[in-house]
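Trainee: Need the 3D shape of this:
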Amino acid sequence: MRPRTEWPELSVADLQRENVLLVEDGNHGEYRPRTEEFSESEGVAFVRAADLDKGRVRFESVERITETALKRIRKGIGAPGDVLLSHKGTVGKVALTPLDCEPFICSPQTTFWRVLDASSLDRRYLFYYLCSPLFRRQLDARKGETDMADYVSLTAQRRLKIQVPPLVEQEAIAGPLGTLDDKIELNQRMVRTLHETAWTVFAARYLRHPERERWPLEPLAEHVEAVRGLSYTGAGLSEGEGLPLHNLDSVYEGGGYKREGIKWYLGEYKERHLVRPGDVVGANTEQGFEYLLIAYPAIIPKRFGELGLFSHHLYRLRPRPGSPLSAPRWPATRTARPSTCSRVTRSSGLDSASRPPSSSRRSRR
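Mentor: The predicted model follows:
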């Protein structure tokens, strides 16, 4: 989305005063739900940052709160069509709730942005604007203003600005993007189905194999070389020049390569910090304690060239010479992730896996 100088740029506070937009976060302190008031199957959906995924809310996996907790809630009560933004810990995840979505409550880490005047602001345009580099630059400038984990307060959010073109322009921008997103969502559902099919085949051939108990157990480190990436400085980063730097933002939550997370680097590095297309990398760090990234893998794509770098938040995983493994995919397997997550240490609001599991024995169920 490119800015047009003739389009007015209004602050969130301005839009709220004009009753065009309402921005509100979830309950803090005494009003927030208590531990014993959560359920996985019954009650009203309680949407956290972890539930925002690729522009949608994963209602099928959210935690839920009881009627007792709901009666105490004073704000953050969501509505169909709301745009949700994560503003604490993981800052900048955005989702558009469908018009037929179930009732939900925002957690203290999420904010709803609700269009009150559809004749002035299109909710789909608002969603795409919040996803745009124009808006993300504003978030990035605000999220480090405190000495705690990344955080953009409600007060700071109301100082953010939105370009508001005429409604016909908003609809012309949001319409084609929405069509493309619908096609992407369909493709993602197909991919999820294929992943489940692959897991079913794996389980049938390995986990339930009659000879499995006779197979030898060997340390994974004998077959896989895990190397930590480059500890880089901001001074070495560039805008499209140098080598591509694959980093923590290059891995999707749940695994897979995230192309929009790429950075470019002109600084110094060593031979061990290089990766090539087809290499597997695994995340060893994430912000927060929800295990959405740690031990999940991504395969380096060809689109960024034959040579690249990877950051210290990733391990590069390659089979050792002579190993029967064709590719080190231990983080992707459901049997191996618990072993890795059990090795996580916590420091300053970060989870960090100090090393990959050295033995496949922990991977067995």
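Trainee: Okay, now the unreliable bits of the stretch 101-250 of the chain?
Mentor: Of all residues in the stretch 101-250 of the chain, those with pLDDT under 70 make up the ranges 146-148.
Trainee: all strands for it, in order.
Mentor: Assigned by DSSP state E, counting those that start in this stretch, the stretch 101-250 of the chain shows strands spanning 104-106, 110-115, 161-163, 224-228, 237-238, 243-246.
Trainee: Cross-check the contact I'm expecting between residue 81 and residue 123.
Mentor: Yes. Residue 81 lies in contact with residue 123 (C-beta atoms under 8 Å); the separation is 5.3 Å. For glycine as for every other residue, the C-beta is placed from the backbone atoms N, C-alpha and C.
Trainee: Find the residues that touch each one of those two.
Mentor: 96, 115 (C-beta atoms under 8 Å, 6 or more residues apart in numbering).
Trainee: and residue 97, which of the strands of the stretch 101-250 of the chain is closest to it?
Mentor: strand 104-106 (7.5 Å; C-beta to C-beta).
Trainee: Run the chain-centre distance for that closest one.
Mentor: 19 Å (C-alpha atoms, centre = their mean, to the nearest Å).
Trainee: Reformat the strands of the stretch 101-250 of the chain as CSV; add mean neighbour count and distance to residue 133.
Mentor: As requested, these are exported to CSV (neighbours: other C-beta atoms under 10 Å; distance: least, C-beta to C-beta, whole Å):
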stretch, mean neighbour count, distance to residue 133
strand 104-106, 25, 25
strand 110-115, 23, 18
strand 161-163, 20, 12
strand 224-228, 17, 30
strand 237-238, 14, 15
strand 243-246, 24, 18
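Trainee: And those: which comes nearest residue 45?
Mentor: Closest among the strands of the stretch 101-250 of the chain, using C-beta to C-beta: strand 104-106, at 4.0 Å.
Trainee: Now tell me what touches the closest one from outside.
Mentor: 24-27, 44-47, 57, 59, 62, 65, 70, 73, 76-78, 84, 97, 112.
Trainee: so of those residues, which ones are in helices?
Mentor: residue 70 (DSSP state H).
Trainee: which residues pair with the closest residue to residue 243 other than its chain neighbours across the strands?
Mentor: Distance criterion C-beta to C-beta, 6 or more residues apart in numbering; nearest residue to residue 243, sequence neighbours excluded, is residue 309 at 5.1 Å. Note on residue 309: beta-bridge partners by DSSP bridges are residue 245, residue 274.
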